[in-house]
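Asks: The sequence and its predicted three-dimensional model are supplied below.
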Amino acid sequence: LGVGILCDAVYFNPDGAMTVGLCLLGVGAGVLAQYVVRQNLVGCLLCSLLALVCIDAVRILSRLLAGGGDLAAMLSLAGREIAWSMVFVFPVYALFLWVFRRVPKKTVL
């Protein structure tokens, strides 16, 4: 929710789509992590990759439907964006894992 609001605040011509879209992606990633993939680095990489592909697919399709842009150029740019974003999954995962281990857990009696 926070990242979506930030994106809508920073991008030109905000319409609230990033807030709603990123909330839906977050719900989807949560369901995927809870019921489909393991909650480890590989699962995090998979969820991140799927979310990034969904974001770029929507951006590319919206530009193609609006009648602008070269598909090859957009796919090339999307590929580079996804690759660079995936690099940052490792430190973000490490940070969240560190915080998770520091937070006390409820004990079940």
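Replies: Looks like it arrived, so ask away.
Asks: Tell me where this protein has helices.
Replies: With helices called from DSSP state H, the chain shows them at 2-10, 17-35, 41-65, 71-87, 89-102.
Asks: tell me which residues in the third one are buried?
Replies: Yep, that's helix 41-65 we're talking about. Across helix 41-65, burial judged by 16 or more other C-beta atoms under 10 Å covers 43-44, 46-48, 51-52, 55-56, 60. Heads up, the C-betas are built off the backbone N, CA and C, glycines and all.
Asks: List just the nearest of the residues you listed to Ala94.
Replies: Closest approach between these and Ala94, by C-beta to C-beta: Cys44, at 10.3 Å.
Asks: where's the closest one relative to Asp15, distance?
Replies: 30 Å (C-beta to C-beta, to the nearest Å).
Asks: Phe90 too?
Replies: Counting by C-beta to C-beta, the gap from Phe90 to Asp15 is 33 Å.
Asks: who has more neighbours, these two?
Replies: More neighbours surround Phe90 than the other of Phe90 and Asp15, with 12 against 9 (other C-beta atoms under 10 Å).
Asks: and the helix or strand of the chain at the bottom of the mean pLDDT ranking with helix 17-35, angle?
Replies: Lowest mean confidence among the helices and strands of the chain (mean pLDDT, DSSP states H and E): helix 2-10, at a mean of 84. With axes from the mean of the first three to the mean of the last three C-alpha atoms, to 10 degrees defining the directions, helix 2-10 sits at 160 degrees from helix 17-35.
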